[in-house]
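# predicted structure and sequence below. I'll ask about it afterward.
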Amino acid sequence: MVIREKTDTIVIHCAATKPSMDIGKDEIRKWHVDDNGWEDIGYHFIIRRNGTVEEGRKIDYQGAHAPAVNSRSIGICLIGGLSEDNKPENNFTLEQFLSLSNVVDLMQSKYEIKSIVGHGDVQENKKNCPGFNVAQWLHKENIYVG
């Protein structure tokens, strides 16, 4: 794995899982390593349905979550994002959003973050990820970038 030399972006993802699927880093690591053949889980943080934050890929390493910005970004994945009938849905819990705010705040205190975006903002074929408008969420939460 490659050490990330610059960190100025946070990319927010969803796992594209149904609300009934309470999974975490172990299941996603299996998908990424066993199914995709990657070296490790692609995300740096995973936020479970109950708000528990799990550390994925070591924070200093380049992620494997958004090809256009992997070399300079932190990847955060919220479990959920699909309805029970497999349609995109903002079904994240209050606990997840509170944890997301905390992780974003921590990353902003550690790095000079200039951009916080959704996966769909940096990858054309992932337009429904993370399942909510990140810019609107940042505004509502009074989270400022730069």
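That came through, no problem.
# the residue nearest to Pro19 when sequence neighbours are not counted - how many residues pack around it?
In space, and not counting its chain neighbours, Pro19 is closest to Asn91: 4.9 Å by Cβ to Cβ, 6 or more residues apart in numbering. Every C-beta, even on glycine, is put in place using the N, C-alpha and C of the backbone. Asn91: 20 surrounding residues under other Cβ atoms under 10 Å.
# and the longest helix along the chain, what does it pack against?
Longest helix of the chain, by residue count under DSSP state H: helix 94-110. Here helix 94-110 touches strand 9-14, strand 45-47, strand 53-55, strand 73-78, going by 3 or more Cβ pairs under 8 Å, 6 or more residues apart in numbering; DSSP states H and E.
# how far out from the middle of the chain is it?
11 Å (Cα atoms, centre = their mean, to the nearest Å).
# flag every buried residue along it.
Buried positions in helix 94-110, judged by neighbour count with 16 or more other Cβ atoms under 10 Å: 96-97, 99-100, 103-104, 107-108.
# so what's the residue count around the closest residue to Ile10 other than its chain neighbours?
In this structure, Ile10 finds its nearest non-sequential neighbour in Ile116, 4.5 Å apart by Cβ to Cβ, 6+ apart. Ile116: 24 surrounding residues under other Cβ under 10 Å.
# quick check, Ile116 in a strand?
Yes - remark: Ile116 belongs to a strand, assigned using DSSP: H, G, I helix; E, B strand; the rest coil.
# against Glu84, how distant is Trp137?
23 Å (Cβ to Cβ, to the nearest Å).
# who's more crowded, the two?
Legend: neighbour count by other Cβ under 10 Å for Trp137 and Glu84, higher for Trp137 (20 against 11).
# might you report the residue contacts of Leu98?
Gly51 (Cβ atoms under 8 Å, 6 or more residues apart in numbering).
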